[in-house]
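Peer 1: Pasting the sequence and the predicted model now:
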Amino acid sequence: MTTPLRTLGVIPARLASTRLPRKVLREVAGRPLLAWVVEAARACPQLDRVLVATDSEEVAEFCRRIGCAVELTAANLASGTDRVHAVAQLIDADVYVNIQGDEPLLRPEHIIALLRPFARTEVDVSTLKVRCTEENIANPNAVKVVTAADGRALYFSRAAIPFHRDAADPVPQYWKHIGLYAYRKRALDLFPTLPASKLERAERLEQLRFLENGLAIYVEATEHDTIGVDTEDDLRMVEARLLPML
């Protein structure tokens, strides 16, 4: 009989976001964005535990007020993956799930898909993709992903990949990347030892550090899109989705 994976959901949350400052505490449909993310994560029964990882005492105090576990992490950590790694040094789990602090539309189906590849012992990192809408193909804020036949990511890009060269050929299926990840601890321990890669710096996509250093990322498809909040327009779109839930 297979032993169930011990899963820890970690929500990296910082106030110093560049495109939308203080976004995790911005009010959306009457509540701070982070409150919606915490509630969505807690509604996923596949997660044994959920906590917020932050470098902000203001965010930490908010988490305490809503009864969410929180870990204060160093202010100089460059990415959400680095913050999850810091938590993994303190709390033991089989799989750590990185839930971005701007993903309030998380669903249990996302976690089910994220964990599915870990039935294979060779899988160390997983993430998600969803069919890309036509308007997002050329949108640099919607990251695209292409995969091999076995589900391994070949590349992530803000550009439209694959490039559709010949109009006479059928339009290829474009896939949008959803910024949720799951990792085994050995992958998290490797990540901060690797220098930020050239591709990572060019695209501003931290997952490219894994690919450029030869570590496979397995990508599962989901039917459920999310809206990662990076702009004021994203906030308005998310609010329109959340208001009917009140």
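Peer 2: The structure has been received and is ready for your questions. Numbering: from 1, shown residues only.
Peer 1: tell me which element the residue of the chain most remote from its centre falls in.
Peer 2: Residue farthest from the centre of the chain, counting by Cα atoms, centre = their mean, is residue 168 at 36.0 Å. Residue 168 belongs to no helix or strand when elements are defined using DSSP states H and E.
Peer 1: Run through the strands of this structure in chain order.
Peer 2: 7-12, 27-28, 31-32, 49-54, 69-72, 95-99, 125-131, 144-147, 153-157, 175-183, 218-221 (DSSP state E).
Peer 1: Using a markdown table, lay out these together with mean pLDDT.
Peer 2: Listed next are the strands of the chain as a markdown table, based on pLDDT from 0 to 100:
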| stretch | mean pLDDT |
| --- | --- |
| strand 7-12 | 98 |
| strand 27-28 | 93 |
| strand 31-32 | 94 |
| strand 49-54 | 97 |
| strand 69-72 | 97 |
| strand 95-99 | 98 |
| strand 125-131 | 98 |
| strand 144-147 | 98 |
| strand 153-157 | 98 |
| strand 175-183 | 97 |
| strand 218-221 | 98 |
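Peer 1: Save these as TSV, and put in distance to residue 43 too.
Peer 2: Every C-beta, even on glycine, is put in place using the N, C-alpha and C of the backbone. Output for the strands of the chain, formatted as TSV (distance: least, Cβ to Cβ, whole Å):
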stretch	distance to residue 43
strand 7-12	11
strand 27-28	17
strand 31-32	15
strand 49-54	10
strand 69-72	16
strand 95-99	12
strand 125-131	17
strand 144-147	26
strand 153-157	28
strand 175-183	14
strand 218-221	20
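Peer 1: mind checking which of these is nearest residue 212?
Peer 2: Nearest of the strands of the chain to residue 212, taken as Cβ to Cβ: strand 153-157 at 10.0 Å.
Peer 1: Which other helices and strands does that closest one contact?
Peer 2: Secondary-structure packing of strand 153-157 (3 or more Cβ pairs under 8 Å, 6 or more residues apart in numbering; DSSP states H and E): strand 144-147, helix 208-212.
Peer 1: Against which helices or strands is the shortest one packed?
Peer 2: The one in question is strand 144-147. strand 125-131, strand 153-157, strand 175-183.
Peer 1: buried stuff in that strand?
Peer 2: Of all the residues in strand 144-147, those buried under the rule 16 or more other Cβ atoms under 10 Å are 144, 145, 146, 147.
Peer 1: Restrict it to CA atoms and write it as PDB.
Peer 2: Taking Å, rounded to 0.1, in the frame of the first residue of the first chain, the C-alpha atoms of strand 144-147 are listed here in PDB:
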ATOM      1  CA  LYS A 144       3.400  30.100 -22.000                       C
ATOM      2  CA  VAL A 145       4.900  26.700 -21.700                       C
ATOM      3  CA  VAL A 146       5.700  23.900 -24.200                       C
ATOM      4  CA  THR A 147       6.200  20.300 -23.100                       C
END
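Peer 1: distance between stretch 217-231 and the chain's centre?
Peer 2: 8 Å (Cα atoms, centre = their mean, to the nearest Å).
Peer 1: how long is that stretch end to end?
Peer 2: End-to-end distance of stretch 217-231 (Cα to Cα, to the nearest Å): 27 Å.
Peer 1: Stretch 114-125 now?
Peer 2: Distance across stretch 114-125, first residue to last, is 9 Å (Cα to Cα).
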